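# missing the sequence, but the structure's below:
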């Protein structure tokens with residue numbers, strides 16, 4: 001056959017493939033458009049979410065960025081309704097325990113803080129805007145008012161992260177000095193390997209070596225075991241303060257798991273990743289909170305999509321990584337509801353590098369081949385999609401975007417996209433096509 005005819009045949013095959021691909025894509029866009037439920041800022045717009053959560057004990061509400069107003073506002077709106085209409089008992093955030101406990105005391109009408117801004121002041125570590133922002137401030141104020149009106153069914157506010165090694169260590173020693181001075185002295189001795197973390201002492205490069213030592217891991221484990229024994233005994237006594245005792249136990253848990261996190265970061269846990277240690281700690285904390293509150297307690301969790309979507313449906317599974325969404329779903333099955341959020345473009349509060357101040361940044365339009373671009377192509381500005389009844393074509397792996405506290409547009413594909421099957425990752429997804437940056441409480445630096 002003449003070469004010219006061969007080339008023509010090859011071109012025809014390519015064009016036919018592209019036509020078929022375009023037809024399939026257009027059909028999928030039409031199917032998503034038909035299944036999507038448009039949402040607005042009207043209260044009734046979230047009714048399908050509230051209905052889906054009716055039988056759930058744990059509702060995980062994710063976000064595609066740590067700095068998008070619509071994500072935070074919608075998450076707060078859903079949570080208010082779950083508390084008021086379905087009796088949810090607590091909100092648990094991707095934040096550190098001691099800082100969140102200060103907020104918890106405020107929403108319960110305890111402690112010296114008189115305003116939400118004061119209660120949130122403890123969130124000083126980067127990224128401050130993640131919890132010190134206008135949406136969280138307004139939610140915290142609402143929660144205090146709601147709790148004051150219903151003192152018999154107060155909703156709590158907790159943190160589940162483990163970056164408060166220094167602060168939690170200090171809280172353990174402070175609490176033990178009141179409850180059991182002898183145990184406090186033993187704990188202080190065992191925590192000696194963490195002394196270089198004390199801000200009153202000069203920086204010591206040997207701290208990583210000290211934490212890396214197996215004796216340090218055993219020491220913090222021993223403190224946790226003794227604290228749990230103390231707490232268990234004290235809970236049985238008349239006049240016990242359950243919240244104070246739980247706070248002490250949880251801070252000891254943070255110290256124990258934070259040391260393991262540091263050891264994993266130094267590759268000292270036999271291949272276990274620091275990511276797994278962190279998300280296993282978060283899940284362990286959720287279980288401890290439910291056990292503390294009451295049998296069958298119902299909680300809402302606020303964190304990034306990467307923590308709350310089922311890791312088995314993403315690239316994480318290939319790296320033997322787990323997350324909160326996977327662990328919760330494995331434990332609770334249909335009693336857990338996993339909700340994700342996405343956006344196509346707009347602005348976001350993020351930092352260009354770690355530990356730099358957050359600033360308003362423009363989000364590039366989503367990439368071709370991504371869920372976000374597919375949702376954009378429906379032409380519906382904001383919508384809810386029930387992924388449990390999603391079109392079949394949506395199940396295959398596609399790109400999905402994740403922006404954390406850093407946003408690096410120059411390496412958009414490498415830094416912020418991963419492959420996932422969204423319908424296996426979440427039960428519901430809320431898409432906001434054009435979003436705006438979260439407003440921090442602190443003025444930009």
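Noted; the coordinates are in hand. Fair warning: this is a prediction, and the values are worked out from it, not measured in the lab.

# what helix or strand does residue 125 sit in?
Using DSSP states H and E, residue 125 sits within no helix or strand.

# touching, residue 283 and residue 327? I think so.
Yes - between residue 283 and residue 327 there is a contact under Cβ atoms under 8 Å: 4.4 Å. Using the backbone N, CA and C atoms, a C-beta is placed for each residue, glycine as well.

# in space, what's closest to residue 340 - neighbours in sequence excluded?
residue 426 (4.0 Å; Cβ to Cβ, 6 or more residues apart in numbering).

# can you check the pLDDT for the one you found?
Residue 426 is assigned a pLDDT of 98 by the prediction.

# what sits against it?
Residue 426 makes contact with 62, 305, 309-310, 325, 338-340, 387, according to Cβ atoms under 8 Å, 6 or more residues apart in numbering.

# for the chain, which residue is closest to the average position?
residue 303 (1.7 Å; Cα atoms, centre = their mean).

# now that residue. Nearest residue, chain neighbours left out?
Closest to residue 303 by Cβ to Cβ, 6+ apart is residue 94, at 3.7 Å.

# residue 391 too?
residue 31 (3.7 Å).

# ok, residue 321 next?
residue 275 (5.2 Å).

# wait, what's in contact with the one you found?
Counting by Cβ under 8 Å, 6+ apart, residue 275 has contacts 316, 321, 323.

# the residue nearest to the centre of the chain and residue 131, how far apart?
Relative to residue 131, residue 303 is positioned 12 Å away (Cβ to Cβ, to the nearest Å).

# same question for residue 353.
20 Å.

# what of residue 30?
From residue 30 to residue 131 the distance is 40 Å (Cβ to Cβ).

# quick one: average pLDDT of the host helix or strand of residue 287?
Secondary structure assignment for residue 287, by DSSP H and E: helix 274-293. Across helix 274-293, pLDDT averages out at 97.

# hmm, back to that, neighbour-wise, which of residue 30 and residue 131 wins?
residue 131 (27 against 12; other Cβ atoms under 10 Å).

# over to residue 443. Which of the three states is it?
coil (DSSP: H, G, I helix; E, B strand; the rest coil).

# in the stretch 1-150 of the chain, which spans are helices?
3-35, 47-52, 69-86, 97-107, 116-119, 134-149 (DSSP state H, counting those that start in this stretch).

# so after the helix or strand of the chain with the lowest mean pLDDT, what's the next helix or strand?
For the chain, counting by mean pLDDT, DSSP states H and E, helix 207-212 ranks last in confidence among helices and strands (a mean of 60). Where DSSP H and E defines the elements, the next helix or strand beyond helix 207-212 is helix 214-235.

# brilliant, that's me finished.
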